[in-house]
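Student: coordinates only, sequence not included:
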């Protein structure tokens, strides 16, 4: 079982939403800076053009003038840093358990060569994968994609993910090569049973997956 706090790579939709949000923040920052700039110029011209104003702003109300100008500068700097360090929003569609692995599996970032061979539909969901610990499983797990004839929905997910000719078994969803976010994304569609597919994955199938457990997701598989 493993999890990761690292940010997953953004999908194209998420990238567009992030850029749009950052663009709106940038425009708002420019608008505020322009407004403060206009106010600062008005104060400056007033001081130069009016003796009375100069006396008021640089003598009677000098503390106010200094505080106001310093405050404008600090706000401008703060807004500039806010735009520079703006980060993508954590999307609510990615639940906390999206990257949990079966017991004694290790979560790792999917190698680039493997990710490139995965169907485009699944690439955003396959940024991370779970692989079995060799000291626990050895070579006992099947490397080829298992079949789930008695579990149609899980079989459909597997078949779609594994589609594509010429792909090596190492790139496909199998008992020894698990892409947790793929199953998680399908599972959260089932409001009344949000862990169903992952529990099916470790039930007693006619393949080597029946030796797995996923206690963080399915503590008591039937």
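Tutor: Nice, I can see it. Computed from a predicted model, the values in this text were never measured in an experiment.

Student: Go through the helix or strand hosting residue 69 and flag the buried ones.
Tutor: For residue 69, the host element (DSSP states H and E) is helix 62-84. Judged by neighbour count (16 or more other C-beta atoms under 10 Å), helix 62-84 contains these buried residues: 65, 68, 72, 76, 79. Where C-beta positions appear, they are placed from N, C-alpha and C, glycine not excepted.

Student: Which residue ranges of this structure form strands?
Tutor: 105-109, 128-132 (DSSP state E).

Student: and the last one, how far out from the chain's middle?
Tutor: In terms of C-alpha atoms, centre = their mean, to the nearest Å, the centre of strand 128-132 is set 18 Å apart from its chain centre.

Student: what is the mean pLDDT for that strand?
Tutor: The pLDDT scores in strand 128-132 average 93.

Student: So which elements touch it?
Tutor: Applying 3 or more C-beta pairs under 8 Å, 6 or more residues apart in numbering; DSSP states H and E, one finds that strand 128-132 contacts strand 105-109, helix 180-187.

Student: 7 Å instead?
Tutor: Packing contacts for strand 128-132, counted by 3 or more C-beta pairs under 7 Å, 6 or more residues apart in numbering; DSSP states H and E, involve strand 105-109.

Student: Parallel or antiparallel, which strands does the strand it packs on pair with?
Tutor: Strand partners for strand 105-109, identified by DSSP bridges, are recorded as strand 128-132 (antiparallel).

Student: Report the buried residues of the strand it pairs with.
Tutor: Those would be 128, 129, 130, 131, 132, for strand 128-132 by 16+ other C-beta under 10 Å.

Student: OK, contacts around residue 46?
Tutor: residue 53 (C-beta atoms under 7 Å, 6 or more residues apart in numbering).

Student: Look up how far residue 57 lies from it.
Tutor: The spacing between residue 46 and residue 57, counted by C-beta to C-beta, to the nearest Å, is 7 Å.

Student: Same question for residue 156.
Tutor: Computed as C-beta to C-beta, the residue 156 to residue 57 distance reads 74 Å.

Student: neighbour-wise, which of the two wins?
Tutor: A count of neighbours by other C-beta atoms under 10 Å puts residue 57 above the other of residue 156 and residue 57, at 19 against 12.

Student: surely residue 187 meets residue 198?
Tutor: Yes: contact criterion C-beta atoms under 7 Å: residue 187 and residue 198 qualify, at 6.0 Å.

Student: Chain neighbours aside, what residue packs nearest to residue 102?
Tutor: In space, and not counting its chain neighbours, residue 102 is closest to residue 214: 4.5 Å by C-beta to C-beta, 6 or more residues apart in numbering.

Student: Looking at the strands of the chain, which is nearest to residue 83?
Tutor: strand 105-109 (28.9 Å; C-beta to C-beta).

Student: Report the rounded mean pLDDT for the closest one.
Tutor: Mean predicted confidence for strand 105-109 is 94.

Student: so residue 122 touches residue 182, yeah?
Tutor: Yes: taking contacts as C-beta under 7 Å, residue 122 lies within contact range of residue 182: 6.1 Å.

Student: Which neighbours do these two have in common?
Tutor: Here residue 122 and residue 182 have residue 161 as joint contacts, going by C-beta under 7 Å, 6+ apart.
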